[in-house]
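Trainee: sharing a model prediction with you, sequence too.
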Amino acid sequence: MKIFKTVSSIAVAVLLMAGCAFTMVQPGMSREEVIAHYGTPSRVLPLGAGTRLQYLTQPAGQTAVMVDLDAAGKVVAARQVLKLNEFSKIELGKWTREDMEREFGRPATVDRVASWPGDIMTYRWLDSDESKYFWAYLDGRNVVQRTGQGMEFPFRMHDD
């Protein structure tokens, strides 16, 4: 069942971002129309005077689509957020784990290493056609103190 959920999450994100044969999320659509077309969101979060529907493909995928609704439940914006211009909005020393998860969804992994005192949130994303990682380094108070990015290299079996 978990594999089916991951595959459906990936399919939803592709449908949300594809513009060809599918109805796109449009401003003014109702929450019910979004869910009827794209399924149950990964998460639903309060957002100011409205709600955010998150359609996430982490840990296996490379997309996170945010659909923002106003207080009446109508779409005001929909966008894929795992992109460099979105990551550049992170304010070091101000953003928290909660801010990261609200803006980008839950990460692919949360890790610890001996050389850093807090958690490291890892997001998988696609930059043009290159698979990448984006890291947010949290301190002991769960505040982002540092970020970084790097290439994701696929695992390959070798014939030895």
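Mentor: Now that the structure is in, tell me what you want to look at. Numbers count the residues shown, from 1 in each chain.
Trainee: I'd guessed Trp95 sits against Gln145; true?
Mentor: No. Under the criterion of C-beta atoms under 8 Å, Trp95 is not in contact with Gln145, lying 9.7 Å apart. No exception for glycine: its C-beta is placed from N, CA and C like everyone else's.
Trainee: higher neighbour count, the two?
Mentor: Taking neighbours as other C-beta atoms under 10 Å, Trp95 and Gln145 compare with Trp95 leading, 20 against 16.
Trainee: what sits against that one?
Mentor: 136, 143-144 (C-beta atoms under 8 Å, 6 or more residues apart in numbering).
Trainee: now swap in Arg31 and tell me
Mentor: Arg31 sits next to 51, 53, 69, 73-75 when contact means C-beta under 8 Å, 6+ apart.
Trainee: may I ask which two of the residues you listed are separated the most?
Mentor: Using C-beta to C-beta, the two most remote members of these are Leu53 and Lys74, lying 12.2 Å apart.
Trainee: just want to know which of the two has more residues nearby.
Mentor: In this view Leu53 and Lys74 are compared by other C-beta under 10 Å, and Leu53 has more residues nearby, 23 against 16.
Trainee: what does the pLDDT read for that one?
Mentor: You'll see Leu53 listed with a pLDDT of 98.
Trainee: against which helices or strands is the helix or strand where it lies packed?
Mentor: Using DSSP states H and E, the element containing Leu53 is strand 50-56. Packing partners of strand 50-56 (3 or more C-beta pairs under 8 Å, 6 or more residues apart in numbering; DSSP states H and E): helix 2-17, helix 31-38, strand 43-47, strand 64-69.
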